[in-house]
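> Need a 3D model of the following:
(one chain, ligands or ions: 1)
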Amino acid sequence: MIPPAFEYVRAASVDEALAHLAKYGDDARLLAGGHSLLPLMRLRLAAPRVLVDIGRIRELAYVRAEGGELAIGALTTHHAVEQAAAVATAARALADAASVLGDPQVRNRGTIGGELAHADPAADYGAVVLALGGTVTAAGRGGRRTVAIDDWVRGPFTTALQPGEILLEYRAPAAAAREGSVYRKFARRASDYGMVGVAVRLGLGADGRCTSARIALSCVSDQPVRAQAAEAALAGRAPEGDAVREAAAVVLQGVRVADDPFCPADYRTHLAQVETARAIAEAAARARAA
Ligand SMILES: Cc1cc2nc3c(=O)[nH]c(=O)nc-3n(C[C@H](O)[C@H](O)[C@H](O)COP(=O)(O)OP(=O)(O)OC[C@H]3O[C@@H](n4cnc5c(N)ncnc54)[C@H](O)[C@@H]3O)c2cc1C
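Model (predicted):
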């Protein structure tokens, strides 16, 4: 379908984009890679009067390792996330997710900022950023503010972003020695959205026991979820045998599991448990090698 008519303006800087948002208010939507917004417009599920194109603000396309953190600008494409050496070193789960997200066209146009702002419950980065931890920085006319990643998503397609704000950056604590992270996605076909996505970040002590564990899932409910019961099951234990089985068994404890004809809730729960056990084993292997 052809989208309804709209006005198009291109912003050359963050300040210019903020000025457009202030001018057009609720009539305006930001356009980054366009790979979520334009399909919605073509389906007439979104009909902004003005598109503010931020896609060429080069200052927002970067990956940097700085002061023990990994900083990724909002306009960094999925492909650039997948390829960045700093991501592979500091937050490998993000590179895992970027490598299985959509198809090459999507990965070359879609951006991390667009994905985090869109907050699709089936989006791959949703689980990854929750498992990695960190912050999102946004700018508005009143200045900049930083939101903890656990407080970012407020519901399906809803985030802490306020009207008139632009997401600038995602920042994750970089992996320390003996820390590893992984993202595993189970999809019906390559390039599909997942039926289940599991991200795990583990830290191991010299004795091989978990000193830290963060586990999160996407595609399983109406927003990405932290699996705190599973994290607790690993605390202080070696990530193997009973510890892994017990963590996997409770990974969706307290979650209202999505149920649809393609993936009934009991099957999705089974997938989540199997993928969690595999993800813990892979994250542990990466942590041992780090
Ligand atoms: C065929 C296809 C397959 C896909 N498969 C997957 C998949 O398997 N896994 C997956 O996770 N995703 C998938 N996607 C979605 C893809 O990852 C999108 O790129 C992403 O969700 C949105 O990024 P974008 O840059 O394209 O954002 P846009 O579509 O430009 O924008 C999306 C929303 O975010 C807002 N926005 C964008 N940037 C900012 C910003 N900096 N600050 C504030 N608001 C902003 C926009 O106003 C809009 O509301 C798929 C998309 C397509 C078309």
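> Run through the bridge partners of the closest residue to residue 289 other than its chain neighbours.
Nearest non-adjacent residue to residue 289, counting by Cβ to Cβ, 6 or more residues apart in numbering: residue 180, 7.3 Å away. C-betas here are computed from N, CA, C, even on glycine. Beta-bridge pairing for residue 180 (DSSP bridges): residue 202.
> which helices and strands sit right next to the helix or strand harbouring residue 171?
Per DSSP states H and E, residue 171 falls inside strand 166-173. Helices and strands touching strand 166-173, by 3 or more Cβ pairs under 8 Å, 6 or more residues apart in numbering; DSSP states H and E, are helix 14-24, strand 69-73, helix 112-118, helix 124-132, strand 135-140.
> which stretch among these comes nearest residue 39?
Closest to residue 39 of those is helix 112-118 (Cβ to Cβ; 10.8 Å).
> Name the residues that touch that closest one?
Contact with helix 112-118 is made by 30, 32-33, 35-37, 60, 72-78, 81, 123-125, 129, 136, 152, 157, 159, 161, 167-168, 170, as judged by Cβ atoms under 8 Å, 6 or more residues apart in numbering.
> redo that, cut-off 7 Å
If you take Cβ atoms under 7 Å, 6 or more residues apart in numbering as the criterion, helix 112-118 is touched by 32-33, 36, 72, 74-76, 81, 123, 125, 129, 136, 157, 159, 161, 167, 170.
> Phi first, then psi, for residue 103.
The phi/psi pair for residue 103 (degrees, to the nearest 10) reads phi -120, psi 180.
> Please read the previous query as pertaining to residue 38.
phi -60, psi -40.
> now it: how far from residue 49?
15 Å (Cβ to Cβ, to the nearest Å).
> just the contacts of helix 112-118 that are near the ligand?
32, 33, 36, 74, 123, 161, 167 (Cβ under 6 Å from any ligand atom).
> which residues touch the second one?
Neighbour list for residue 33: 55, 77, 109, 110, 111, 114 [criterion: Cβ under 7 Å, 6+ apart].
> again, only using 6 Å
109, 110, 111, 114 (Cβ atoms under 6 Å, 6 or more residues apart in numbering).
> where's the nearest residue to residue 124 once chain neighbours are set aside, which helix or strand?
Leaving aside its chain neighbours, residue 124 sits nearest to residue 97 (4.1 Å; criterion: Cβ to Cβ, 6+ apart). Assigned by DSSP H and E, residue 97 belongs to helix 92-99.
> Which residues does that helix contact?
In this structure, residues lying in contact with helix 92-99 by Cβ under 6 Å, 6+ apart are 78, 81, 82, 87, 88, 124, 125, 128, 181, 182, 183, 199.
> Could you tell me which residues of the stretch 151-290 of the chain lie near the ligand?
161, 166, 167, 193.
> Among these, which one lies nearest to residue 2?
Nearest to residue 2 out of these is residue 193 (Cβ to Cβ; 24.5 Å).
> So for the host helix or strand of residue 247, what gets flagged as buried?
Taking DSSP H and E as the definition, one finds residue 247 inside helix 241-249. For helix 241-249, a neighbour-count test (16 or more other Cβ atoms under 10 Å) marks 243, 244, 247, 248 as buried.
> Repeat that for stretch 181-194.
In terms of neighbour count (16+ other Cβ under 10 Å), stretch 181-194 has its buried residues at 181, 182, 183, 184, 185, 186, 187, 193, 194.
> Out of these, flag the one nearest to residue 278.
residue 184 (6.0 Å).
> Next up, the contacts around residue 282.
Going by Cβ under 6 Å, 6+ apart, residue 282 touches residue 182.
> now it, what's its secondary structure?
Using DSSP: H, G, I helix; E, B strand; the rest coil, the structure places residue 282 in helix.
> again, but for the one 4 residues further on
Using three-state DSSP as the criterion, the local structure at residue 286 reads helix.
> now swap in residue 251 and tell me
Classified using three-state DSSP, residue 251 is coil.
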